[in-house]
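**Student:** Could you look at this predicted model? Sequence included:
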Amino acid sequence: MADILAAILILAGLFFYLAGSIGLLRLPDLYSRLHALTKADNLGLGLLVAGLAVHAQDLLTALKLVLIWLAVLAASAASSHLIAQHAHRQEAED
Amino acid sequence: MLTTQLLYGLAACFIVALGLRTALLHASLLHRVIAINVMGAGVFMLLIAVAYRGPGQQPDPLPHALVLTGIVVAVSATALALALARRLAAEHDDD
Amino acid sequence: MNSTSLLVFDVLLLVSILSLAWASLATRDARNSVILFMAFGLVLAVAWSRLMAPDVALAEAAIGSGLSGALLLAAVYRSRGQQPAAQQQSTGEHNTSAATVAARWAVTLLSAAVAGVLAWALLHASGSAPHDTLPLAIAANLDASGVSNPVTAVLLNFRAYDTLLELAVLLTAVLGIFALGPAAAGYRPAGPVFAGLTRWLVPLLILAAGYLLWAGAHAPGGAFQAGATLAAAGVVLRLAGRQHIGLPAGGTLRVLIAAGAGVFLTVGLVLFMTGRPFLGYPTAWAGTLILLIESAAMLAIAATLVLAFVGGRPQAAGTPAHTAGAKPVPGNPGKE
Amino acid sequence: MTDAIIWVVALPLAGALAALLLPRLATAVAVGTAVATSVSAAALLRGVATQGVLHYELGGWSAGLGIALRADGLSAMLLMMTALVVLAASIYTSAYITAPAERARFWPLWLLLWTALNALLLSGDLFNLYVTLELLGLSAVALAAFGGKRAAVAAALRYLLVGLLGSMMFLAGVSLIYAGYGTLDMAQLAHMVTAGPTAWTALALMTAGLLLKTALFPLHFWLPPAHASAPAPVSAVLSALVVKAAFYLVLRLWLHVFADVVTPAAANLLGALGAAAVLWGSWQALQAERLKLLAAYSTVAQLGYLFMFFPLLQALPSVTARDVAAGGLVMLALTHGFAKAGLFLAIGIIQQRSGHDSIQQLDGTAQRLPATTFSIALAGVALIGLPPSGAFLGKWQLLAGAVATGQWVWVVVTAIGSLLAMAYIFRVIGHAFGHQSYPNLPVTVAREEWPALLLAAVAVLGLGLAGAPVWQLLEIRV
């Protein structure tokens, strides 16, 4: 049972990764691409982590996985903000 | 037949050649430093591939230790190279 | 996971590694090249964990891709401030005079020859059964080494002399950087978001470094990975505008960078003078001695890698920190 | 006596750390360490002479698993030469670099370079050799760029990139050896290595890496600017010791570890490259404008002579003939070490005193700095190979070996090379004599001139007249 749940979660995660990648390729400008990338990949990662956590042997590993997800969430949010701000200032200057 | 060890070994040879080509091609300094790091990564892949003993068994720990030492040596050499380049660029502006 | 799906995964992984390496070396823009190199390092770390080398995967991600990437990016932004981008790639790939094309072909053929010969030798070498004399010897002596992680046992006990010289290499690099001149000017103080992230991320990195150091005895981890994580905390602080990253100045800084090789050599010599072989830990004490050496090595590696990122002798703590509002300093990524 | 094998490596490293931690006492600590290390190097030499090959398993682990240090006749002699040259250069530097801040930054790097040299000469493990080569490369680059002048930094950067390329190729060779034979210990490998694709490729890669580091002819482009723009004592150590350490590894690999894998064709290739280096290096030295460039090109040429021994050692029939020729090779290497170090130190004095080292404006230095000019002339005698210098014995064995094996090309090249060497040395001496009057006291800067003079004297008189033990010591080998 756990394996099926894990498989479903991971597949859902992969779907969001795919969406994020397509967004990265298709969307016109930097901001929308950043938007797509950060949102989709983080959700994809969350589902992936959930799937792996279900599959993990013990609670500690599952908690470590969740911690990884939280760290990536914070880091990618902050870095996409910085990139957007940098790009915005660049445009304001030239 | 094509074992994992051989697959990664051959890929390693290709990466070494890739790094060597750019390192010899006098591209910009930055490219040559990256090329040497890529070549190093290729040699490390060769070592790790040699250490691999199949999905079930324990791999040979010795090449792992060698690669760890190699990575640290490579980063210290890269740091010195970039510091020299910075000093060269700074010198370039003063005179 | 039957072998075919593993093979498919391997091929996909290798294709992405090779294409990232090719792209990193082929792009002319320096910044893209560095970012592709960092991606190459990360995917390489996936390859190391696939080949059951977790220690190396940690080090590759932390040092090979993370810190080397930070060093290279800092160099790119620093030189972008001074020379116009075009002048940077004046040689190599693009002028198409006959001599350069011929030279490029010659070098390509030479590299292909080296790869071919290397592959030919590898095919021959891996033809025979893998040699297990050393792995078996390591396994046999593992319990006498004081740690249960074989890689740490090799690094800190069986081939401790290699690690001692390697710490000397790190020390030489940082002394060479110091001899070249004072540090570059720092970065502007961080905006609210980055400052918030730093206040939360740096303690987590320090905690992770301590865990990695402790776990190194029985699980993947150890002094190098811990030192690199600590250095990452230092780099984040430096980027957030903290000039001296909490590093001591003057004498204490010297003690810090000399700590790794210093403690290692002292332990080796003390044992040597009390009749044991040089760097030959008594079995009962091996575990504690290794932990002592690894702790000193972690501090030294972290300090060295951060000082390499700082790029020169840190000004004395007394000098005024970089004041906001000054003219944008070359090599300053953010304009906030 | 086997303890000396550890002290020879541990002392310079401890000295480097002490000099780093006590910046104000750096010079005293460094010179003290230099004396102590030279004493332990002498003890090691005596130990090897009395007890034969000294073998030390680090950490108590048997070779293969752990790392073994080995000191045989060849490495003990090179270690002694390294100790004497670095001791003399350290005394010289104590007067050459006076600013306390510069001293505090110079001595740790200097002693780390010495640690690398001693560790390399003693190591019996291939990967350990890679680490020592990197330590040697990085410390040499840091010292070559010391002082931060633009030319020095640019040359040091090229030297570093070439050195890294060489180390990576060496490491690729070492990886192949581990893939093929499962061990890294050179003594074990000497018995296991059989002629085959793995051995050939590994040896070719390692040799290519080492040839880059020892600047043999086509791969020498980085050496002249690096050695010419470095501070004088650093140039002395770079030319006399650092490139020779890489050559020692080629010798160790070709004669001891891969003895039966080496083919005559490969040895002849090395000999041909050596011959080209002799001719090209000497010719460039003749046209050099500056003394330091002349000395650097002379290094490229002198290394060419060393590589010309390889085809002889391959072709000489009897073991005794081969040992005698190998003795000539070591004699030439030792003499060049002392002579080139003395030459660079003397040139440093001229550069410091008269602000330039261009050969044209040298007139009068003989009068103003008689001892320095005498050192240059004495070192010149050893570089040309005139009796009674050690180089004369070395070149004699080279010629005798070439004649015995009928390989006349080496005789011709040696003759032309020596002629060109004579030309560029006498050109310098010619310019040195001006018309001013002679000062009454010959030595002007004692602490700088005596080391240069003694080094050149050892090359000419010491090795030339008392060279017999070199052959006996060479008998002791792994």
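**Tutor:** Here it is on my side, so go on. Residues are numbered from 1 along each chain as shown, chains lettered A, B, ... in the order given.
**Student:** so is the residue of the stretch 1-150 of chain C found nearest chain D in a helix, a strand, or just coil?
**Tutor:** Residue nearest to chain D within the stretch 1-150 of chain C (CB to the nearest CB): C:His131, separated by 2.3 Å. Every C-beta, even on glycine, is put in place using the N, C-alpha and C of the backbone. For C:His131, the assignment made with DSSP: H, G, I helix; E, B strand; the rest coil gives coil.
**Student:** Quick check: chain neighbours aside, which residue is closest to it?
**Tutor:** Leaving aside its chain neighbours, C:His131 sits nearest to D:Gly182 (2.3 Å; criterion: CB to CB, 6 or more residues apart in numbering or on different chains).
**Student:** Could you verify my assumption that that neighbour touches C:Thr133?
**Tutor:** Yes. Using CB atoms under 8 Å, D:Gly182 is in contact with C:Thr133, at 5.5 Å.
**Student:** more neighbours, the two?
**Tutor:** Using other CB atoms under 10 Å in any protein chain shown as the criterion, D:Gly182 and C:Thr133 rank with D:Gly182 on top: 22 against 13.
**Student:** Now do the same contact list for that one.
**Tutor:** Taking CB atoms under 8 Å, 6 or more residues apart in numbering or on different chains, we find D:Gly182 in contact with C:Pro130, C:His131, C:Asp132, C:Thr133, C:Leu134.
**Student:** Quick one: which of these has the lowest pLDDT value?
**Tutor:** Here the lowest pLDDT out of the contacts of D:Gly182 sits on C:Pro130, with 74.
**Student:** number of nearby residues for D:Ala155?
**Tutor:** Neighbourhood size, D:Ala155 [other CB under 10 Å]: 23.
**Student:** Quick check: it vs chain A, distance?
**Tutor:** 37 Å (CB to the nearest CB, to the nearest Å).
**Student:** so which helix or strand takes in that residue?
**Tutor:** Assigned by DSSP states H and E, D:Ala155 belongs to helix D:150-181.
**Student:** Please state the backbone phi and psi of the closest residue to C:Ser145 other than its chain neighbours?
**Tutor:** Nearest residue to C:Ser145, sequence neighbours excluded (CB to CB, 6+ apart): C:Ala153, at 3.8 Å. When read as degrees, to the nearest 10, the backbone of C:Ala153 gives phi -60, psi -40.
**Student:** Check D:Arg290 too.
**Tutor:** Note on D:Arg290: backbone dihedrals following degrees, to the nearest 10 are phi -110, psi 150.
**Student:** Okay, domains of chain C per the record?
**Tutor:** C:9-81, C:140-316 (automatic domain parsing).
**Student:** got the residues of chain A near chain C?
**Tutor:** A:Ala71, A:Ala74, A:Ala75, A:Ala78, A:His81, A:Leu82, A:Gln85, A:His86, A:Arg89, A:Gln90, A:Glu93 (CB under 8 Å from any CB of the partner chain).
**Student:** Helix, strand, or coil at the first one?
**Tutor:** Okay, so that is A:Ala71. Here A:Ala71 is helix, with the state taken from three-state DSSP.
**Student:** Columns mean neighbour count and mean pLDDT on top of the domains of chain C, output as TSV?
**Tutor:** Output for the domains of chain C, formatted as TSV (neighbours: other CB atoms under 10 Å in any protein chain shown; pLDDT from 0 to 100):
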stretch	mean neighbour count	mean pLDDT
domain C:9-81	21	92
domain C:140-316	21	89
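**Student:** Of these, which is nearest A:Ala50?
**Tutor:** Of all these, domain C:9-81 sits nearest to A:Ala50, with 20.7 Å by CB to CB.
**Student:** Okay, angle between the longest helix anywhere in chain B and helix D:150-181 too, please.
**Tutor:** Using DSSP state H, we find that the single longest helix of chain B is helix B:61-94. Interaxial angle, helix B:61-94 versus helix D:150-181 (axes from the mean of the first three to the mean of the last three CA atoms, to 10 degrees): 170 degrees.
**Student:** Quick one: distance of helix B:61-94 to the chain centre.
**Tutor:** Remark: helix B:61-94 is offset 11 Å from the chain centroid, using CA atoms, centre = their mean, to the nearest Å.
**Student:** near chain D, anything from it?
**Tutor:** Yes. Using CB under 8 Å from any CB, we find that helix B:61-94 touches chain D at B:62-63, B:66, B:69-70, B:73, B:76-77, B:80-81, B:84-85, B:87-88, B:91-92.
**Student:** what's residue 15 sitting at in phi/psi?
**Tutor:** The chain I'm using is chain A. Torsion angles, degrees, to the nearest 10, at A:Phe15: phi -60, psi -40.
**Student:** How confident is the prediction for it, by pLDDT?
**Tutor:** 92.
**Student:** got a list of what it touches?
**Tutor:** Contacts for A:Phe15 (CB under 8 Å, 6+ apart) come out as A:Gly44.
**Student:** One more: B:Leu68?
**Tutor:** Residues near B:Leu68 by CB under 8 Å, 6+ apart: C:Asp55, C:Val56, C:Ala59, C:Val151, C:Leu155, C:Gly222, C:Phe224.
**Student:** Within reach of chain B, which of these are there?
**Tutor:** Answer for these near chain B (CB under 8 Å from any CB): C:Asp55, C:Val56, C:Ala59, C:Val151, C:Leu155, C:Gly222, C:Phe224.
**Student:** Just give me the closest of the residues you listed to D:Phe307.
**Tutor:** Nearest member of the ones next to chain B among the contacts of B:Leu68 to D:Phe307, counting by CB to CB, is C:Leu155, at 36.8 Å.
**Student:** what sits against the closest one?
**Tutor:** B:Ala65, B:Leu68, B:Thr69, C:Asp162, C:Thr163, C:Gly222.
**Student:** how about TSV for those, with distance to D:Leu112 added?
**Tutor:** What follows is the contacts of C:Leu155, written out as TSV (distance: CB to CB, whole Å):
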residue	distance to D:Leu112
B:Ala65	23
B:Leu68	21
B:Thr69	17
C:Asp162	16
C:Thr163	16
C:Gly222	24
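**Student:** burial measure for the residue in chain A that chain D sits nearest to, as a count.
**Tutor:** When distances are taken as CB to the nearest CB, chain A reaches nearest to chain D at A:His86, 30.6 Å away. Neighbour count for A:His86, taken as other CB under 10 Å: 15.
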